[in-house]
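Peer 1: Sequence plus predicted model, see below.
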Amino acid sequence: MIRRLTVVLALAALLGGVAFAATVCPLPLANLAKAAERIVAVTVESIEHENHEGQVYTVATCKVDETIKGPEEKSIKLRLPGGRFGGYTMIVPGAPVLRKGERYIVFLTAETAEGFSRDAWRTIGLGQGLFKLVNKDGRTYAIQAMAQAPEHFDACDSSGSVCLRHLHILGAERSDFVAQIRDALTSTSEP
């Protein structure tokens, strides 16, 4: 009886894991740029967590280092689903984990849900609209924060350009990446 219960629980756990899987269709950079209300380079200064209708969110206060699209401000608040609140931890597949001191280029849209304790922005497509700035070989690269791509890129023993090709991740050297965004914004604004 105990063995049968163990097998049933193991099968339920395996099948339950499949039910929560998701497929994400990557958005091209031009689509991200067009969809974003704002695009900014930021440094995470502090992290807080909040509970909204039983869901946990991470709220990062970020210093704006550069504005690429939208109004200029000195700081913004960025809200992502997941995090710790009290004794409760919520993990959301596809939602990156932010840490104090990290730098990003973010593609933002205004948070539309009512009842949050503070105004904040959210990234487009969770990690799709969040590019971590990673230093490698004396250069800074913008690496899309999906499927632990920034960590894999950082751990790669080759040059940055070789790692990008070898790992098949979306990213570029920071200056090239910003130029690609500006090109996309120019081409989307033309009739």
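Peer 2: Alright, I've got the coordinates.

Peer 1: Could you measure from the most centrally placed residue in the chain over to Ile47?
Peer 2: Compute the mean C-alpha point of the chain, and by CA atoms, centre = their mean the closest residue is Gly127, 2.8 Å away. According to CB to CB, to the nearest Å, Gly127 and Ile47 sit 17 Å apart. (C-beta placed from N, C-alpha, C; glycine too.)

Peer 1: And for Phe85?
Peer 2: Phe85 is 12 Å from Ile47, by CB to CB.

Peer 1: And Ala30, by the same measure?
Peer 2: Ala30 is 31 Å from Ile47, by CB to CB.

Peer 1: which stretches of this structure form strands?
Peer 2: 38-52, 55-69, 75-81, 83-85, 88-90, 103-110, 121-123, 130-136, 139-144, 171-173 (DSSP state E).

Peer 1: Show me which residues of stretch 127-136 are buried.
Peer 2: 127-134, 136 (16 or more other CB atoms under 10 Å).

Peer 1: Let's have those in JSON lines, adding pLDDT and distance to Leu164.
Peer 2: Listed next are the buried residues of stretch 127-136 as JSON lines, based on pLDDT from 0 to 100; distance: CB to CB, whole Å:
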{"residue": "Gly127", "pLDDT": "87", "distance to Leu164": "17"}
{"residue": "Gln128", "pLDDT": "92", "distance to Leu164": "17"}
{"residue": "Gly129", "pLDDT": "93", "distance to Leu164": "19"}
{"residue": "Leu130", "pLDDT": "95", "distance to Leu164": "17"}
{"residue": "Phe131", "pLDDT": "96", "distance to Leu164": "12"}
{"residue": "Lys132", "pLDDT": "96", "distance to Leu164": "13"}
{"residue": "Leu133", "pLDDT": "97", "distance to Leu164": "14"}
{"residue": "Val134", "pLDDT": "96", "distance to Leu164": "11"}
{"residue": "Lys136", "pLDDT": "95", "distance to Leu164": "10"}
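
Peer 1: Pick the one among the residues you listed closest to Pro81.
Peer 2: Set against Pro81, the nearest of the buried residues of stretch 127-136 by CB to CB is Gly127 (11.3 Å).

Peer 1: How about the contacts made by that closest one?
Peer 2: Residues counted as contacts of Gly127 (CB atoms under 8 Å, 6 or more residues apart in numbering) are 94-96, 144-147.

Peer 1: Tell me how far it lies from Glu53.
Peer 2: Relative to Glu53, Gly127 is positioned 23 Å away (CB to CB).

Peer 1: Tell me what Tyr141 is bridged to.
Peer 2: Note on Tyr141: beta-bridge partners by DSSP bridges are Val134, Glu173.

Peer 1: now the chain, which segments are flagged as low pLDDT?
Peer 2: 1-25, 112-118, 188-191 (pLDDT under 70).

Peer 1: Contact partners for the nearest residue to Asp154 once chain neighbours are set aside?
Peer 2: Closest residue to Asp154 apart from its sequence neighbours, by CB to CB, 6 or more residues apart in numbering: Val134 at 5.4 Å. Val134 makes contact with 140-141, 143, 150, 153-154, according to CB under 8 Å, 6+ apart.
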